[in-house]
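# How does the following fold in three dimensions:
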Amino acid sequence: AAVFADPDLREIVLPAVCADYHLVDDYSGGHRPLLDCPVYGYAGEDDSQVTPEQMRRWAELTRGSFRLRVLPGGHFYLRAEEAALLADLRGVLDDIKFRTQAAS
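Prediction:
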């Protein structure tokens, strides 16, 4: 709300927000080939926009594994949980690097 109350910030942010909504509105869905890679999902446990249950549907889009990590907070959980998210992503990337090296 503070961003939209400031005319200068609103001018900067509004085009990106509008583009996001336009992208969602134009998405037709439909059948897509399954991914051949693992998918890692992240959600805020109190997110009013996307629930953890909705995030679990990403599992339907891959032949690989799926893992969901639910962090405390709402839609903007990243603000408070940035360190936890980055630590988890680092672990994911370290695991991928280890498996890649072991396979070669």
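
# Give me the helix or strand of the chain that scores worst on average pLDDT.
Here the helix or strand of the chain ranked lowest by mean pLDDT, DSSP states H and E is helix 2-5, holding a mean of 83.

# Show me what it is packed against.
When contacts are defined as 3 or more C-beta pairs under 8 Å, 6 or more residues apart in numbering; DSSP states H and E, helix 2-5 packs onto helix 7-26. Just so you know, the C-beta spots here come from the backbone N, C-alpha and C atoms, and that holds for glycine as well.

# any idea of the mean pLDDT in the helix it packs on?
Throughout helix 7-26, pLDDT has a mean value of 89.

# Now do the buried residues in that helix.
Residues of helix 7-26 classed as buried by neighbour count (16 or more other C-beta atoms under 10 Å): none.

# Arg67 belongs to a strand, doesn't it?
Yes. Assessed with DSSP: H, G, I helix; E, B strand; the rest coil, Arg67 lies in a strand.

# Dig out what it forms beta bridges with.
With DSSP bridges applied, Arg67 shows beta-bridge pairing to Tyr40.

# how far is the least confident helix or strand of the chain from where the chain is centred?
Relative to its parent chain, helix 2-5 has a centroid offset of 24 Å by C-alpha atoms, centre = their mean, to the nearest Å.

# what about Leu61, how many residues close to it?
13 (other C-beta atoms under 10 Å).

# Next one: it from Gln54, what distance?
13 Å (C-beta to C-beta, to the nearest Å).

# In three-state terms, label the closest residue to Thr51 other than its chain neighbours for me.
Closest residue to Thr51 apart from its sequence neighbours, by C-beta to C-beta, 6 or more residues apart in numbering: Ala43 at 7.3 Å. Under three-state DSSP, the three-state class of Ala43 is strand.
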